[in-house]
Structure formats: C-alpha cells, structure tokens
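Coordinates only, no sequence provided:
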C-alpha cells in the first residue's frame, strides 16, 4: 500500500484522538503562555490537496478558504482574544489557505517553509517535523509569557502529534524531552 493511501486511511479513522473540549484547565494553561498552538487552516472549498499544476505564489491556482473558513478564522481569533490568550509570533505555511487563516485570526503571519504541506511531498516530512520540533523546544527553553501559533496542514500536524484534526481545529503542545511533543489538549473549530 502506498504511503499516501495509508496516511489518508489512518487520518480518516482519526487515530490517536484525544478527548476534545473547552476544559478550564487548558484555557488556564493557554493564559499562562509558553505553549504552541498548532492550527489546521480553516474550512476550504471542496477537494483534497491542491489542483494539478498549483503554484504557491498564485492563490488562484490553490484550494483556498471558503466563506465558512473565513468566518471560522475570524471567530478563532476573537475566541482567543476573549479568553485573554497571549499570542506572540504567528508562523504559517506558505499556502494561501494557511496564510489567510492566520491573517484573519491574528492580523499577522510569517511564512515558514517547515509548515508547508507535505501531502504531495512525503520525502520532506521528517525534515520539516524535526525543524518544527526544534523551534518548539527553543521557545520552551526561553519562555516569553506568550504562546506561539503555527498554522499548517492536517498531514503536518498528524506527523508531529499522531492526531487527525478538523479544519480550523487547534492542538496545543509543548516539548516532551529532547525530541517529542506533549499534547496538552485540543480546541475544536471556533463556534
């Protein structure tokens, strides 16, 4: 079985899922800062992956956010502000749907290549995951009181956490030892 088919099947089954919810302990932890919010881009137009021949520099060639996704992105940012969650740096995949999610939620974003989708580039998964883990470990070593946001794709979040997440869902993580991440919780799509 090809790697891509296996991964898609595993993600569809939702392997490794944790209990979801708005538990008070998770919100309290986020208000303390020094966590990383891995956010899957908000809802998109129908489809899987991107159209053949898409180009990163041309949003018209990619699968982009739907009106629902734009609304979800704005509500995500509003919810974090209402909960008084301090947000520091906001990194995003260079894909337009991720960048737009970040801009609508936070008003700012820095493209970072290791958050780029590995869906069509499985050979990059290990390298990108290692770069993301190292950056997360670096932030944990120098706590700033703010949380770091990383807007990316489901396949990337699954590679890091073994979780399949819905569009617009947040997985809150911290480093666990030298080379792993500890999942603190999940926040469902902004409602």
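Cool, the structure landed. Keep in mind that what you see is a predicted model, and the values were worked out from it rather than measured. Numbers count the residues shown, from 1 in each chain.

C-alpha only now, for contacts and for neighbours.
OK.

Can you give me the distance of residue 83 to residue 90?
18 Å (C-alpha to C-alpha, to the nearest Å).

who's more crowded, the two?
With other C-alpha atoms under 10 Å as the criterion, residue 83 and residue 90 differ in neighbour count, and residue 90 comes out ahead with 22 against 13.

quick one: strands adjacent to the helix or strand hosting the more buried one?
Assessed by DSSP states H and E, residue 90 sits inside strand 87-92. Strand 87-92 pairs in its sheet with strand 110-111 (parallel), strand 147-152 (parallel), by DSSP bridges.

As a markdown table, these with mean neighbour count, mean pLDDT and distance to residue 170 would be great.
What follows is these, written out as a markdown table (neighbours: other C-alpha atoms under 10 Å; pLDDT from 0 to 100; distance: least, C-alpha to C-alpha, whole Å):
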| stretch | mean neighbour count | mean pLDDT | distance to residue 170 |
| --- | --- | --- | --- |
| strand 110-111 | 16 | 97 | 18 |
| strand 147-152 | 26 | 97 | 9 |
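
could I get those as TSV with distance to residue 57?
Converted to TSV, the strands paired with strand 87-92 look like this (distance: least, C-alpha to C-alpha, whole Å):
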stretch	distance to residue 57
strand 110-111	12
strand 147-152	17
